[in-house]
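Peer 1: fold the following.
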Amino acid sequence: MKMRVNPATMNPMEMNNVSSMMGMMNSIQKIGKSKRKYSVKLEKGDKKLLVKFINEAKKQFSETTSGDQYAGVYNFLNYVSDVAANKDSKELKVSFEEYEFLKKMLIDSVRAMEKMQFFWYQFIKKGMVKILCKQYRELLKKFN
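Peer 2: Next up is the predicted model:
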């Protein structure tokens with residue numbers, strides 16, 4: 001499904017979003033096809049947060065799934081949630097593409113949460129989003 005885009009009619013922010021989406025689609029195609037050489041050490045709190053994050057990501061991929069297009073991604077997300085839910089495991093083995101995919105997903109989530117705007121009476125929700133954003137940044141440090 002290729003689509004032609006005239007770059008002169010798009011503003012820089014839209015171009016950046018399209019470029020980011022194309023990079024994500026490129027990495028999605030490579031997930032699950034290479035050996036898992038890299039390991040990420042996870043602590044108990046990080047694993048719990050990662051399980052919650054992956055469950056939300058699985059919901060998004062299951063809603064948008066059209067056939068076998070995202071089957072590799074869904075299998076990878078199941079693998080990550082299984083490893084993170086296991087109490088005995090201390091590290092997560094991933095390939096380079098999977099590593100970059102997780103990092104990109106975390107970065108995009110943090111960016112989206114930082115851009116959220118709330119009304120003055122939504123101070124509790126704003127506080128919760130700030131805490132979640134801080135936790136995601138801490139998890140992202142594990143991936144760097």
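
Peer 1: quick check: the residue nearest the centre of the chain vs Ser34, distance?
Peer 2: Geometric centre of the chain, nearest residue: Met105, 2.2 Å, by Cα atoms, centre = their mean. Met105 sits 18 Å away from Ser34, going by Cβ to Cβ, to the nearest Å. (Each C-beta comes from the backbone N, C-alpha and C, glycine too.)

Peer 1: likewise Tyr70?
Peer 2: Counting by Cβ to Cβ, the gap from Tyr70 to Ser34 is 17 Å.

Peer 1: so if I had to pick from those two, which one is more boxed in?
Peer 2: Tyr70 (18 against 12; other Cβ atoms under 10 Å).

Peer 1: how near is the more buried one to Val110?
Peer 2: Counting by Cβ to Cβ - Tyr70 and Val110 are separated by 22 Å.

Peer 1: check Ile31 too.
Peer 2: From Ile31 to Val110 the distance is 21 Å (Cβ to Cβ).

Peer 1: neighbour count for those two, which is higher?
Peer 2: Ranked by neighbour count (other Cβ under 10 Å), Ile31 and Val110 place Ile31 first, with 22 against 18.

Peer 1: can you list contacts of the helix-or-strand element of the chain with minimal mean pLDDT?
Peer 2: Least confident helix or strand of the chain, by mean pLDDT, DSSP states H and E, is helix 12-30 with a mean of 72. Identification of contacts with helix 12-30 by Cβ atoms under 8 Å, 6 or more residues apart in numbering yields 5, 7, 10, 70, 72-73, 97, 100-101, 104, 108.

Peer 1: could you redo the last one with a cut-off of 10 Å?
Peer 2: 3, 5, 7, 10-11, 61, 69-70, 72-73, 76, 95-105, 107-108, 111 (Cβ atoms under 10 Å, 6 or more residues apart in numbering).
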